[in-house]
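Asker: Predicted model follows, preceded by the sequence.
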Amino acid sequence: MPEADDLALLIDAAKASGEIARKFFKASPETWDKSDGAGPVTEADLAIDQMLKAELRAARPDYGWLSEETEDTADRLHKDHVFIIDPIDGTRAFIAGETSFSHSLAIARNGRVTSAVVYLPMKEKMYTASAETPSELNGAPISTSVQDIDGASVLAAKSNLHEEYWKGSIPPVKRHFRPSLAYRLSLVAEGKFDAMLTLRDCWEWDIAAGDLIVRNAGGIASDRHSDALEFNNPTPKTRGCLAAGAQLHPQVQARLNLGASNPS
């Protein structure tokens, strides 16, 4: 199945997700706390997940399924292709009535993402990429920035800029934050920010779509050890995530103190 056809499928599914999200946005959706401190989930997350699972699996019945809001099974490990889905990335922002939440939809083939969509319905921003097409925002090509580490704008939580995680001293970067990891990656791909970094282990559904969008925009996306991101692992996590333009990525990587314990 050509990746372009998969991308069209994900774009339609993302738009449908946005329609559901709009109905619940600022409408006091029912909210629960997940077990093990995994954060909140709303009836909107679950409604979108149910819709996506029904529509996408009907369209590609031979693909595996991995979603933040679906109980995981080992079936996906035996599939060449797998959907990797976060129905709402940035649920806390969604609950707070902030517009920076996203829908993150990806398809991986043998561990590498081949089609990706990150959609922010309240901002009307649709980021897309496939193995056959470049990264785009609302149909227009995007590219990562050309920037050295001094003065670089980096999307990261405060904990990532503690001295213990850096060799020598903390690099002279300007820290910014957005709640959605998928959106952070997309903003790097767009060149709005120079890099994003999270040292803690990442769930695959948070970063799968953004991984391809960054790479197809000319950037580098890796784990915190600079290894390429691979997906559909038995435990669906990566060893953090670092994404930046091709010039900046190795500069940030060289400064990381990988011997320090990583944020929990």
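Answerer: Sure thing, it's come through. Numbering: from 1, shown residues only.
Asker: helices or strands next to the helix or strand where residue 47 lies in the packing?
Answerer: Assigned by DSSP states H and E, residue 47 falls within helix 43-59. In terms of contacts (3 or more Cβ pairs under 8 Å, 6 or more residues apart in numbering; DSSP states H and E), helix 43-59 is packed against helix 3-24, strand 64-67, strand 81-89. To be clear about C-beta, it is placed using only N, CA and C from the backbone, and glycine gets the same treatment.
Asker: And residue 134, how close does it get to residue 179?
Answerer: 27 Å (Cβ to Cβ, to the nearest Å).
Asker: Neighbour count for these two, which is higher?
Answerer: For residue 134 and residue 179, the more surrounded residue by other Cβ atoms under 10 Å is residue 179, and the numbers stand at 18 against 14.
Asker: tell me the SS of the more buried one?
Answerer: In three-state terms, and counting by DSSP: H, G, I helix; E, B strand; the rest coil, residue 179 is coil.
Asker: on that earlier part again, distance from the helix holding residue 47 to the middle of the chain?
Answerer: Relative to its chain's centre, helix 43-59 lies at 18 Å (Cα atoms, centre = their mean, to the nearest Å).
Asker: what does stretch 147-154 give?
Answerer: That offset, for stretch 147-154, works out to 21 Å (Cα atoms, centre = their mean).
Asker: How about stretch 215-229?
Answerer: With Cα atoms, centre = their mean, you get 12 Å for stretch 215-229.
Asker: Would you confirm that residue 18 contacts residue 119?
Answerer: Yes. Applying Cβ atoms under 8 Å, one finds residue 18 in contact with residue 119, separated by 5.9 Å.
Asker: intersection of neighbour lists for the two?
Answerer: Counting by Cβ atoms under 8 Å, 6 or more residues apart in numbering, the residues touching both residue 18 and residue 119 are residue 103.
Asker: Show me which of the two is the more surrounded one.
Answerer: residue 119 (26 against 20).
Asker: Show me which residues of the helix holding residue 47 are buried.
Answerer: Across helix 43-59, burial judged by 16 or more other Cβ atoms under 10 Å covers 44-49, 51-53, 56.
Asker: which residues sit in contact with the residue of the chain most remote from its centre?
Answerer: Distance from the C-alpha centroid of the chain peaks at residue 168, with 30.0 Å (Cα atoms, centre = their mean). Shown in contact with residue 168 (Cβ under 8 Å, 6+ apart): residue 255.
Asker: now swap in residue 154 and tell me
Answerer: 173-176, 193-197, 252.
Asker: likewise residue 152?
Answerer: Contacts of residue 152 by Cβ under 8 Å, 6+ apart are 171, 173-174, 194-195, 244, 248, 252.
Asker: Could you rerun that using 10 Å?
Answerer: 145, 171-175, 193-195, 244-245, 248, 251-252 (Cβ atoms under 10 Å, 6 or more residues apart in numbering).
Asker: so how far is residue 167 from the residue nearest to it when sequence neighbours are not counted?
Answerer: Computed as Cβ to Cβ, 6 or more residues apart in numbering, the closest residue to residue 152 that is not its neighbour in sequence is residue 194, at 4.1 Å. With distances taken as Cβ to Cβ, residue 194 is found 19 Å from residue 167.
Asker: Understood, closing this out.
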